[in-house]
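Undergrad: Got a predicted structure here, sequence first:
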Amino acid sequence: MPERAESFAFDVLTFPSSHYALKAEKTCKDAGICVALIPLPREISADCGVSIIVRPEIRREAEMLLEEKGVPLDGVHRIMREGREARTWKRLLNA
């Protein structure tokens, strides 16, 4: 029986520098928001750097917290993964 294709969407938050990405990760985790620090995905930018990922349903909560704490965002990007990759990314966010 062929494996059912699973898909998973998540939001990638990007920052002006790695410093802010690390600060955002700590700020969110301290507030109980599940995020994961990842290398900046190539489909967003060829630059080296880090970003954080969050489930779409709690992205706005994370954005509001970061704004409140003075952590600047560069952008928010939705990414979809399929199959085995989807399962890997789901595990990162305990989804």
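TA: Good, I have the coordinates.
Undergrad: When you work out contacts or count neighbours from here on, use the C-alpha atoms and nothing else.
TA: Fine.
Undergrad: which residue ranges form the helices in the chain?
TA: 18-30, 59-68, 83-92 (DSSP state H).
Undergrad: Select from those the stretch with the lowest mean pLDDT.
TA: Among those, helix 83-92 has the lowest mean pLDDT, at a mean of 90.
Undergrad: what are the C-alpha coordinates of it, in CSV please?
TA: C-alpha atoms of helix 83-92 as CSV (Å, rounded to 0.1, in the frame of the first residue of the first chain):
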residue,chain,number,x,y,z
GLY,A,83,5.9,13.5,2.9
ARG,A,84,8.9,12.6,5.1
GLU,A,85,10.0,16.3,5.3
ALA,A,86,6.6,17.2,6.6
ARG,A,87,6.9,14.7,9.5
THR,A,88,10.4,16.1,10.3
TRP,A,89,9.2,19.7,10.5
LYS,A,90,6.1,18.7,12.5
ARG,A,91,8.4,17.1,15.1
LEU,A,92,10.4,20.3,15.4
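Undergrad: Which strands or helices does that helix pack on?
TA: On a contact count with 3 or more CA pairs under 8 Å, 6 or more residues apart in numbering; DSSP states H and E, helix 83-92 meets strand 7-14.
Undergrad: Please name the bridge partners of G75.
TA: Beta-bridge pairing of G75 under DSSP bridges involves T14.
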